[in-house]
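Q: Generate coordinates for the sequence data below:
(2 chains)
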Amino acid sequence: GAVVSQHPSWVICKSGTSVKIECRSLDFQATTMFWYRQFPKQSLMLMATSNEGSKATYEQGVEKDKFLINHASLTLSTLTVTSAHPEDSSFYICSASNWFSGRNNEQFFGPGTRLTVL
Amino acid sequence: GDSVTQMEGPVTLSEEAFLTINCTYTATGYPSLFWYVQYPGEGLQLLLKATKADDKGSNKGFEATYRKETTSFHLEKGSVQVSDSAVYFCALSDIQGAQKLVFGQGTRLTINP
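A: Predicted coordinates for the structure are as follows:
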């Protein structure tokens, strides 16, 4: 299957600072990338969907000014958590798909980034 | 809205035991159904899927059948191995729009030798 990487794998930051998480598709072009958030022992919750070159579409309840998503190329999307607070501590997971791959839009997932805000 | 409910874990079994992880869903329309597996330190991987009623998805000895009448997609394996230890997620996606996935809460499976 296709490979998706995330960087960093974990990050600790102080309250009030901003943190950027990168999601890269290593061996295919990602026309669409998804960002999920996972709380301990809970399901993955979709935060937003981004198509390359377009603004992200956020799910209801997700603050677009707090979670900035950029998908400027077919291999890279970034999620920036602005002015992070302890309640933003979570596991963030990205996935990528290619509408034209003929694989029925299968999503390929990154390994996730653990964010801890002190 | 659409939702997925999975059997709560953790589940601990001995090697060669029979495995069932229950999954039920609610959805408008006719979703596609998936099982994903997450091994320690890795991203979610698609294990199997079914796109219409009565379809059976299978992979690596795992099977799940799309049961529209009971809105279920239970995961089964006849004889588990230690290497099957992982977290398993049931999910659905609508067939319209952006193919968004809705996940269950995940079930942690541990297989003891």
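
Q: CA only for contacts and neighbour counts going forward, please
A: Will do.

Q: before we move on, which element is A:A30 in?
A: Assigned by DSSP states H and E, A:A30 belongs to neither a helix nor a strand.

Q: if I look at it, how far off is chain B?
A: Distance, A:A30 to chain B, by C-alpha to the nearest C-alpha, to the nearest Å: 14 Å.

Q: just checking, that residue touches A:E106?
A: No. A:A30 lies out of contact with A:E106 (C-alpha atoms under 8 Å); the separation is 10.9 Å.

Q: okay, the two: which has more neighbours?
A: For A:A30 versus A:E106, the count of surrounding residues by other C-alpha atoms under 10 Å in any protein chain shown is larger for A:A30: 28 against 17.

Q: Please pull out the lowest mean pLDDT helix or strand from chain B.
A: Using mean pLDDT, DSSP states H and E, the weakest-scoring helix or strand in chain B turns out to be strand B:101-103, at a mean of 91.

Q: Can you tell me the closest non-neighbouring residue to residue 6?
A: Just going to use chain A. Closest residue to A:Q6 in three dimensions, ignoring its sequence neighbours and counting by C-alpha to C-alpha, 6 or more residues apart in numbering or on different chains: A:C23, at 4.6 Å.

Q: try again with chain B
A: That would be B:C23: by C-alpha to C-alpha, 6+ apart, it lies 4.5 Å from B:Q6.

Q: again with B:D94
A: B:P31 is the one closest to B:D94 (C-alpha to C-alpha, 6+ apart), at 4.6 Å.

Q: That neighbour reaches B:A50, doesn't it?
A: No. B:P31 is beyond contact range of B:A50, at 9.2 Å (criterion: C-alpha under 8 Å).

Q: residue ranges with poor pLDDT in chain A?
A: A:1, A:99-105 (pLDDT under 70).

Q: for chain B, what are the nearby residues on it?
A: Within reach of chain B by C-alpha under 8 Å from any C-alpha of the partner chain, chain A has these residues: A:41-46, A:49, A:105, A:108-112.
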